[in-house]
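Visitor: sequence? don't have it. structure:
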């Protein structure tokens, strides 16, 4: 019998952007080795981390993700020569931007998981899930979305002014 | 409106044990756009595939999602089945609910929810999939081999024996490379020239091999299957068609005191020369820097004595363009010249070993020439300073290699074995002599290698001293070697007659500039990088270019030959079809939005992005935009993520598809 699984009040939604050659294959290996990890993660496959646009990460948060993982080949092992180096630079800058905007960087994780590292994949996913779970849901984007939704009534002086000007 | 068919596989019990497949099929069936949703025990089996094919026809499906194992496992299988049913294969996607779901989660509820999410995500994605035609590229069935050493010769012969034309380019006046310089080879001690020269003759006589010696690669354009190579044929000053190779010019040349590079500058040659007697082609070349005719305008003896009138002082360098479909790079190695610090290189010299200053301190290749029957001493081991036979000889290993602080951290791989061979050759030729070897470790993996090394100690009486040498200096006509024996813990001082240094193996000079012409990658030592260290060791990351021999890393002869044959096999695989088919996962530029910033060109590791001019009907330039050559593009998508105006799109991984997937979650 398996030990009784601990019940949690909050199950975070984790979206993982991975490259097909290393991390996706690493996650496959975790599967063929029947390793166990939390089921919160949803994997999106890309040819290379170089393909991953920072917009996707924003989009994921906007769609209600509580944590985002980006993972690819180890530096120097890129199947496409240098795609992961471009990704690394891009995300180093992007992290600064997210920090500036006020997103807790603990919700966003980058890692290198090779096709041979099924165990590392499990570790990375488990750690991130636990971390995000302890942080609670990501509410910033949801609040923004609520603010942006206009009820349809002209209920502020600014709106009234704009309406009159038309 | 799309009519999507979703097929959920049980994979026996592998999936259905933890995922409620029926519930997944039901829930997915309710998604907009899904017109058919079912589950089946084994989707990959024949009946499973037939179920898929029939459903496509009967239900008039436009897109297919198969939820089963990893796409790395069966994506090809299902795409083929979809194609057989008349759909474009790229309208089929796989949802991975085995490796990423049923095998890694135990809770049935959680796993089922996750499976529904994964399948739903792929349903949204597949709606945005476009019909992608397979890209075909014509293949020119000729190949270029760069480098005429054993690697290049082996690759050229293997390809030519399969009936494909080969262009073999060699920088030196003769093919043969370093192997032609060696005396005897480990671990069998067979004569290098005896096994090498027949292969050289085979190359010269092969009807399918076109040989360019004394030539260099000037420029390489194109991509896999379609390269245009410009070869610079340097002026030989001798007409190859007229020359009969009689050698009268060489014997009559008055300028005979030029150090012969082939003999490691120990022997001398004339100004018009062939590097060694068995040279292929046996056509002399005039060394214009040392020829009296070229220096002073007087002489011209060779021209006067040449019967066929082959000597031509007016000859110019010529450029030749050849079209090839594949390139084998086999440029080989060079020995580290330790006395000088190469300009602009992080590698430090080894002044303390006196190489270049003390005449009796030589490198391993010079010892090979001394021991070679066709060498400058006729195979007698004689020291360069006074021509005496050395009675005490010291070999020092790992000169340059495995010395991080000096700039080279790798092991040169062959030195342990060739030094063991040197001690044997020495003992065979100088019976009363004694050989000492200073070494760090003896690295002798390989068939019959360790036995060979043991033999040098046990039968040939070489004394191995574990420890490094701190200093060398000349004392009278002796060279004093000071070192330590760390096994015993004492200082050792040997008065040697001659010292042989096993210097590190480095890539050929100019390896980096050739790599830049070819567009292949190289490491910090200028060794060329293979596409995958384990699974694609002979291919470059650049499609259509293959590696053979020591240009990729230090190698011995058997390894080099194996790699050369492997590279030839790769070339033949490429040539087995007239058209090259490849996955259409390539980037495309939307020209109307492209502003021509070429950020994509800067990040493309493959050089696939070109500049394309858009002109109006009058021929005026409207703008210059990026153009992705589908033959070169590898499909990584880095350009798309970089493009500031989002005008490059990677087919199969478009922004639309990715956003659709994220929104489905």
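Guide: Perfect, thanks for sending it. Everything numeric in this text was worked out from a predicted model, so none of it was measured.
Visitor: doesn't residue B:515 make contact with residue B:522?
Guide: Yes: Residue B:522 is within contact range of residue B:515, at 4.6 Å (criterion: Cβ atoms under 8 Å). C-beta here means a position set from N, CA and C on the backbone, and glycine is covered the same way.
Visitor: more crowded one of those two?
Guide: The residue with more neighbours, out of residue B:522 and residue B:515, is residue B:515; 23 against 19, by other Cβ atoms under 10 Å in any protein chain shown.
Visitor: Remind me which helix or strand that one belongs to.
Guide: Using DSSP states H and E, residue B:515 sits in helix B:511-518.
Visitor: count of neighbours near residue A:134?
Guide: Counted with other Cβ under 10 Å, residues neighbouring residue A:134 total 10.
Visitor: Now do the same for it: its pLDDT.
Guide: Looking at residue A:134, its pLDDT reads 93.
Visitor: got it, and the one 10 residues further on?
Guide: Among the per-residue scores, residue A:144 holds a pLDDT of 74.
Visitor: Flag the shaky bits of chain A, pLDDT-wise.
Guide: Applying pLDDT under 70 to chain A flags the ranges A:1-7, A:150-151.
Visitor: Strands along that one, start to end?
Guide: Ranges of strands in chain A, per DSSP state E, are A:14-19, A:41-46, A:67-72, A:108-112.
Visitor: Now do the shared contacts for residue B:522 and residue B:515.
Guide: residue B:528 (Cβ atoms under 8 Å, 6 or more residues apart in numbering or on different chains).
Visitor: Endpoint to endpoint, stretch B:203-210 covers what distance?
Guide: 9 Å (Cα to Cα, to the nearest Å).
Visitor: just to revisit the earlier point, identify each buried residue in the helix holding residue B:515, please.
Guide: Across helix B:511-518, burial judged by 16 or more other Cβ atoms under 10 Å in any protein chain shown covers B:511, B:514, B:515, B:517, B:518.
Visitor: measure the first one to residue B:589 for me?
Guide: Distance of residue B:511 to residue B:589, computed by Cβ to Cβ, to the nearest Å: 34 Å.
Visitor: next one: the last one
Guide: Plainly put, residue B:518 is 25 Å away from residue B:589 if you go by Cβ to Cβ.
Visitor: Does the helix holding residue B:515 pack against any helices or strands, and if so which?
Guide: strand B:215-223, strand B:326-329 (3 or more Cβ pairs under 8 Å, 6 or more residues apart in numbering or on different chains; DSSP states H and E).
Visitor: For these, could you give me a markdown table that also reports mean pLDDT, mean neighbour count and distance to chain A?
Guide: Shown next, in a markdown table, are the helices and strands packed on helix B:511-518 (pLDDT from 0 to 100; neighbours: other Cβ atoms under 10 Å in any protein chain shown; distance: least, Cβ to the nearest Cβ, whole Å):
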| stretch | mean pLDDT | mean neighbour count | distance to chain A |
| --- | --- | --- | --- |
| strand B:215-223 | 90 | 18 | 15 |
| strand B:326-329 | 97 | 28 | 16 |
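Visitor: For residue B:172, find the nearest of those strands.
Guide: Among the helices and strands packed on helix B:511-518, the nearest to residue B:172 by Cβ to Cβ is strand B:215-223 (9.7 Å).
Visitor: Before I go, just wanted to say thanks for your time.
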